[in-house]
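A.B. asks: Predicted model, plus sequence, below.
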Amino acid sequence: MNLPNWLTLSRLTAIPILMVLILDDFRYHDQIAAVVFVTASLTDTLDGNLARARGQVTELGKFLDPLADKLFILSVLIVLVQARELAAWVVVVIFGRELLITVLRSLSASQGYVIAATPWGKTKTVSQVVAVLLLILQEPYPALRTWATVVVGFAVTFTVLSGIDYLWRFRHVLLRTDAEPRIIPAGGETHVAASPVDPRVRDLHERLGPAGLKIAVAESCTGGLLAAAITDQPGSSAYFSGGVVAYSNEVKQGLLGVPAELIRRHGAVSAEVAEAMAAGVRRSLGADIGVAITGIAGPEADGTDKTVGLTHIWVDGPDGGEGRRFQFAGDRWANRRAAVTEALQLLVGRLRARMGDSA
């Protein structure tokens, strides 16, 4: 347990207190409920920011935080329905959306994807908080009833739209439309077949150039292979800002700004470090998109208790981030090439979703 986790627990503790305050009928009970609700809502932002700043992101926190968020809002909404301050169908819509995204995240995790929050999702959360606050205060302040109705409508709209946005962005998780890479065995190793320029790289070239987007890469276990693959394409200088081979932890910290505590807590080969590397190289090289790879290529596990072949890939962009976890089973060369292939596949998938192209 740490301070961010205690803040998350305080949000859960606030639920029964809010229930009593909203349903009771003593003087100023609504105003007190509003203060408790706003205070508890602020911990939602504070706990995550503190955890990342202090390098205190834990498995318990990852479990508790989304659970507390959903229970907190849904519990208050249900109580407002009981108090006849809100229509029940609104709760059904919000609960249905949360259930749908939870299922999508679980399915995504089983495939190795990590689905990050999107701007639509964050707007949805803020609108729900404002709507609940107005609903609590509309009884003592009747002038707020119209505003409460308007904001509830806005919140429901964004709830539905953010759900549709998630489904569209990560439709590949449901449809699995991404083609598997064509590989051929050669001398016991695995190589990408056919053209010397990876077809995914040509795809990047066709999308990044016209879009005016810049890309930068941060590599650990692949040692520059991703940068080499991208620059195999003539004309890549138009969109490739550069790359950092952050093989040591010191370089990850010094050039990419990865917090030392993050590495200490999760290890250099982790989703958290991959995310920080992608954001760091994007920031350092002034790119629109940052891609990071960190893994254990083999043949040894470099003194860690993690398995050879474990690899984390992350793409960070203006529309949020997305990561994947892989467990490759080849030799050192095969694992490194597979990591490059999957990084390109993830990047192309993100660009297709961004540009509304499922081809």
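C.D. replies: Now that the structure is in, tell me what you want to look at. Numbering: from 1, shown residues only.

A.B. asks: And the strands in the chain, which stretches?
C.D. replies: Remark: strands assigned in the chain by DSSP state E are 113-115, 183-186, 189-192, 215-219, 240-245, 289-295, 310-317, 320-327.

A.B. asks: So what touches stretch 240-251?
C.D. replies: The set of residues external to stretch 240-251 that reach it, using CB atoms under 8 Å, 6 or more residues apart in numbering, is 214-220, 223-224, 226-227, 230-231, 252, 255-256, 258, 260, 263, 268, 277, 281, 284-287. Heads up, the C-betas are built off the backbone N, CA and C, glycines and all.

A.B. asks: Residue 319 is in contact with residue 168, correct?
C.D. replies: No: assessed by CB atoms under 8 Å, residue 168 is found out of contact with residue 319, at 11.7 Å.

A.B. asks: the more surrounded of those two?
C.D. replies: Ranked by neighbour count (other CB atoms under 10 Å), residue 168 and residue 319 place residue 319 first, with 16 against 11.

A.B. asks: pLDDT score assigned to that one?
C.D. replies: Confidence per residue is given as pLDDT, and for residue 319 that number is 83.

A.B. asks: And the one 5 residues further on, by the same measure?
C.D. replies: On pLDDT, residue 324 comes in at 93.

A.B. asks: Domain boundaries for this protein, per the record?
C.D. replies: When the chain is parsed into structural domains using automatic domain parsing, the resulting residue ranges are 3-174, 184-354.

A.B. asks: Let me know which of those is tucked in deepest.
C.D. replies: domain 184-354 (a mean of 19; mean count of other CB atoms under 10 Å).

A.B. asks: ok, now which ones touch residue 232?
C.D. replies: Neighbours of residue 232 in contact, by CB under 8 Å, 6+ apart: 196-198, 201.

A.B. asks: now with 7 Å?
C.D. replies: Neighbouring residues of residue 232 by CB atoms under 7 Å, 6 or more residues apart in numbering: 196-197, 201.

A.B. asks: hmm, back to that, now the strands of the chain as a markdown table including distance to residue 103?
C.D. replies: What follows is the strands of the chain, written out as a markdown table (distance: least, CB to CB, whole Å):
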| stretch | distance to residue 103 |
| --- | --- |
| strand 113-115 | 11 |
| strand 183-186 | 32 |
| strand 189-192 | 34 |
| strand 215-219 | 32 |
| strand 240-245 | 37 |
| strand 289-295 | 28 |
| strand 310-317 | 23 |
| strand 320-327 | 18 |
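
A.B. asks: between those strands, which one is nearest to residue 39?
C.D. replies: Taking CB to CB, strand 320-327 is the member of the strands of the chain nearest to residue 39, at 27.9 Å.

A.B. asks: tell me the angle of that closest one relative to strand 310-317?
C.D. replies: 170 degrees (axes from the mean of the first three to the mean of the last three CA atoms, to 10 degrees).

A.B. asks: Next up, the contacts around residue 72.
C.D. replies: Under the criterion of CB under 7 Å, 6+ apart, the contact list for residue 72 reads 11, 15, 40.

A.B. asks: Also residue 91?
C.D. replies: Contacts were defined as CB under 7 Å, 6+ apart; by that measure residue 91 touches 74, 77-78, 81.

A.B. asks: Which among the strands of the chain is found nearest to residue 353?
C.D. replies: In terms of CB to CB, the element of those nearest to residue 353 is strand 320-327, at 9.3 Å.

A.B. asks: Sounds good, over and out.
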